[in-house]
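S.K.: I need the structure of the sequence given here:
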Amino acid sequence: MKTKEIDVAVIAGGASGLAAAISAAEGGGKTAIFEKGATTGGAANMGMGPLGVESRLQRIKQHSLTKDEAFDIFMNYTHWRVDARLVRAYIDKSADTIDWLEKMGVVFAEPASYFPGAQYTWHIVKPEGGEPGPMAAGTMIKKMTERAKQLGVEINLQTPVKKLIKQNNKITGLLAEDRSGDEIQIRAKAVIIATGGFGDNPEMVKKYTGYELGKDMHSFRIPGCNGDGVRMAWEAGAMSTEMHMELIHMIEGGGMTLAPDFSESLRQPHLIVNVLGERFMNEGLTGNSTYTGNAISIQKDKCAFAIFDEANKKYMEETGFDVISVVFNTTKVTDFDKKFKAAVESGCKAIFAAESIEELAKKTGITPKGLQDTIDEYNKFCANGKDEHFNKDRRYLRPVKTPKFYAAKFYPGAYGSLGGIKINYKAEVLNKSWEVMPGLYASGVDVCTIYGDSYVFVLPGNTMGFSINSGRIAGENASKYIKL
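M.R.: Predicted coordinates:
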């Protein structure tokens, strides 16, 4: 068997793993990354940017949110059911991390909010070519990878890790497999797990969160995120944690092939009903996808339908959207009918059009009487300018009465999984007795239990922010540990 000796071994080279490796190398440790994929970045290549509080860019734009205020918002949102020391360590480090990334050459657009009422904490990466948008963070990953190489970090691609090595109650290395299929034994003074969760593992998703991928959960499935790190940590004696999906709401099938402006036209604050035809939420809050995902997840069949009419369609084409997406930065829909037809022809089964409410109920499977009764009641609310059930903003109260009628079917979705490995605020992994496991650290979504049961979307950029910052914390503490 091949053997190699290093100071710090990092399992996986996503945003968190890169941050951990760079930090460990900056601390003087001989560091190597073992990534089973063919490139670095993982899920972060699809993202847009991390959270920062009290950053240089926020000060320039006079966004006054302080670290203390952000901490209070975070803890009140989660009802203090999360590790407050870990939350504090993450938020306090976040502004320095933005500076740290800028020194690598990462350029950020001005800090953004995600929806009305959210804080301006989202530091969206400005890509090397084009405007900020989905996958903009790929540029950040490129800069981080370059920085890691400058520091002498050895990046081993297509080199999956199979298990941790434990001797005398300490983690002393790992077993990996190289591109040729040969086993390698890595002797390391510290190991950092940063494997990106289990969002692409249907069995783990079902067992630990209750959802079935492709059935009642239509999430982003990043290849390779199948729980390797969580499994290895548990096998070595690590404590397990609560495990959730990072819940949002998504069109059935994910809607990834839909034109951005058409997709956004379906996600406006339209009337929303469940399969019984009943309203169940204030549709004005749909910009907070976590709230909407939560509400949908407790309905019959875990699904819901956004419904609007021809007049609303024309409003979106001529006047524009009520809620503007920062992700796609589109303000209105063009050629709705053409894009609707193209979506249907491409195989999208989640959108519907009908000449009557009765026909729409038949096509969608919604209970006909329930739907008609709800629309009659909703139209009265619109006429009176007051939603007597859920206090929907009167600006969004537009009746559903002009044929054609349209519907889009939504399910709970997720950016990925959360949790699995218990750590403390130093990113040290704990065993089942709440004791530190010497030599073992973990970061990113494998350990992300700081949201409780709902993603803290009011502070956007959180998951990428936590991944990078927890990676830095893990790398810095691992570099200290190896010098003891």
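
S.K.: and stretch 211-230, C-alpha only, in CSV?
M.R.: Extracted in CSV, the C-alpha atoms of stretch 211-230 (Å, rounded to 0.1, in the frame of the first residue of the first chain):
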residue,chain,number,x,y,z
TYR,A,211,-38.5,13.1,2.1
GLU,A,212,-38.4,11.0,-1.1
LEU,A,213,-36.2,12.6,-3.8
GLY,A,214,-38.1,13.2,-7.0
LYS,A,215,-41.4,12.4,-5.4
ASP,A,216,-42.2,14.9,-2.6
MET,A,217,-38.7,16.6,-2.6
HIS,A,218,-37.5,18.3,-5.8
SER,A,219,-34.0,19.5,-4.7
PHE,A,220,-30.7,20.4,-6.2
ARG,A,221,-28.8,17.1,-6.4
ILE,A,222,-25.1,17.8,-6.5
PRO,A,223,-23.3,14.7,-7.7
GLY,A,224,-21.0,13.2,-5.1
CYS,A,225,-22.8,14.7,-2.1
ASN,A,226,-23.8,11.3,-0.7
GLY,A,227,-22.9,11.5,2.9
ASP,A,228,-19.4,10.0,2.8
GLY,A,229,-18.0,12.3,5.5
VAL,A,230,-20.9,11.9,7.8
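
S.K.: give the buried residues for that stretch.
M.R.: Using 16 or more other Cβ atoms under 10 Å as the test for burial, stretch 211-230 gives 211, 213, 216-222, 224-230. Quick note: C-beta positions are derived from backbone N, CA and C, even for glycine.

S.K.: same deal with stretch 312-332?
M.R.: Across stretch 312-332, burial judged by 16+ other Cβ under 10 Å covers 312-313, 315-317, 321-322, 324-327, 330, 332.

S.K.: please report phi then psi for Phe410.
M.R.: phi -120, psi 150 (degrees, to the nearest 10).

S.K.: low-scoring stretches of the stretch 101-250 of the chain, by residue?
M.R.: Residue ranges of the stretch 101-250 of the chain with pLDDT under 70: none are present.

S.K.: tell me which helix or strand Phe71 sits in.
M.R.: Taking DSSP states H and E as the definition, Phe71 sits inside helix 67-77.

S.K.: helices or strands next to that helix in the packing?
M.R.: Secondary-structure packing of helix 67-77 (3 or more Cβ pairs under 8 Å, 6 or more residues apart in numbering; DSSP states H and E): helix 84-103.

S.K.: check which helices and strands the helix it packs on sits against.
M.R.: In this structure, helix 84-103 packs against helix 56-60, helix 67-77, helix 138-150, helix 462-481, with contacts taken as 3+ Cβ pairs under 8 Å, 6+ apart.

S.K.: and it, what's buried?
M.R.: Under the neighbour-count criterion of 16+ other Cβ under 10 Å, helix 84-103 has 86-95, 97-98, 100-102 buried.

S.K.: now, which of the buried residues of stretch 211-230 sits nearest Trp434?
M.R.: Val230 (18.1 Å; Cβ to Cβ).

S.K.: walk me through the domains of this structure.
M.R.: Domains of the chain are assigned by automatic domain parsing as 2-243+419-481, 247-413.

S.K.: just name the most buried of those.
M.R.: Mean neighbour counts were taken over the domains of the chain using mean count of other Cβ atoms under 10 Å, and the top value, a mean of 21, falls to domain 2-243+419-481.

S.K.: can you give me the end-to-end distance of it?
M.R.: Domain 2-243+419-481 has an end-to-end distance of 26 Å (Cα to Cα, to the nearest Å).

S.K.: repeat for stretch 152-160
M.R.: Stretch 152-160 has an end-to-end distance of 20 Å (Cα to Cα).

S.K.: that stretch: how far from the chain's middle?
M.R.: On the basis of Cα atoms, centre = their mean, to the nearest Å, stretch 152-160 sits 25 Å off its chain's mean C-alpha point.

S.K.: hmm, who's touching that stretch?
M.R.: The contact list for stretch 152-160 (Cβ atoms under 8 Å, 6 or more residues apart in numbering) reads 6, 13, 21-22, 25, 30-40, 145, 148-149, 176-179, 184, 228.

S.K.: give me the contacts around stretch 322-342.
M.R.: Applying Cβ under 8 Å, 6+ apart, the contact partners of stretch 322-342 are 48, 112-116, 122, 124, 131-134, 258-265, 267-269, 286-287, 313, 316-321, 351, 353, 395-396, 406.

S.K.: which of the residues you listed fall in strands?
M.R.: Counting by DSSP state E, the contacts of stretch 322-342 place Ile351, Ala353, Tyr406 in strands.

S.K.: is the second one bridged to anything, and to what?
M.R.: Per DSSP bridges, residues listed as beta-bridge partners of Ala353: Tyr406.

S.K.: surely it meets Ala408?
M.R.: No: with contacts defined as Cβ atoms under 8 Å, Ala353 does not count as touching Ala408, sitting 10.4 Å away.

S.K.: thinking again about what came up before, out of the buried residues of helix 84-103, flag the one nearest to Gly365.
M.R.: Within the buried residues of helix 84-103, proximity to Gly365 (Cβ to Cβ) peaks at Val87, which comes in at 42.3 Å.

S.K.: contacts only, for the closest one.
M.R.: Counted by Cβ under 8 Å, 6+ apart, Val87 has contacts Phe71, Phe74, Met75, Ile450.

S.K.: the contacts of stretch 322-342 in helices, which ones?
M.R.: Pro260, Asp261, Phe262, Ser263, Glu264, Ser265, Lys313, Met316, Glu317, Glu318 (DSSP state H).

S.K.: what about the closest residue to the third one other than its chain neighbours, is that helix, strand or coil?
M.R.: Spatially, and ignoring its direct neighbours in sequence, Phe262 is nearest to Lys339 (4.0 Å; Cβ to Cβ, 6 or more residues apart in numbering). When the structure is split into helix, strand and coil by DSSP: H, G, I helix; E, B strand; the rest coil, Lys339 lands in helix.

S.K.: now swap in the one 3 residues further on and tell me
M.R.: Under three-state DSSP, Ala342 falls in the helix class.

S.K.: go ahead and flag the most central residue of the chain.
M.R.: Tyr415 (3.8 Å; Cα atoms, centre = their mean).

S.K.: what is the neighbour count of the closest residue to that residue other than its chain neighbours?
M.R.: Take Tyr415 and drop its neighbours on the chain: the residue closest to it by Cβ to Cβ, 6+ apart is Glu246, 4.4 Å away. Using other Cβ atoms under 10 Å, Glu246 is surrounded by 25 other residues.

S.K.: pretty sure Glu246 sits in a helix.
M.R.: No: assigned with three-state DSSP, Glu246 falls outside any helix and is strand.

S.K.: what about it, distance to Asp228?
M.R.: According to Cβ to Cβ, to the nearest Å, Glu246 and Asp228 sit 19 Å apart.

S.K.: with only the CA atoms kept, save stretch 50-62 in PDB.
M.R.: Provided in PDB are the C-alpha atoms of stretch 50-62 (Å, rounded to 0.1, in the frame of the first residue of the first chain):
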ATOM      1  CA  PRO A  50     -21.400  34.200   1.100                       C
ATOM      2  CA  LEU A  51     -22.800  36.200   4.000                       C
ATOM      3  CA  GLY A  52     -20.800  39.000   5.600                       C
ATOM      4  CA  VAL A  53     -21.700  41.200   8.500                       C
ATOM      5  CA  GLU A  54     -19.900  44.600   9.100                       C
ATOM      6  CA  SER A  55     -17.800  44.100   5.900                       C
ATOM      7  CA  ARG A  56     -16.000  46.900   4.100                       C
ATOM      8  CA  LEU A  57     -18.500  46.700   1.300                       C
ATOM      9  CA  GLN A  58     -21.400  47.100   3.700                       C
ATOM     10  CA  ARG A  59     -19.800  50.100   5.400                       C
ATOM     11  CA  ILE A  60     -19.300  51.700   1.900                       C
ATOM     12  CA  LYS A  61     -23.100  51.300   1.200                       C
ATOM     13  CA  GLN A  62     -24.000  52.400   4.700                       C
END
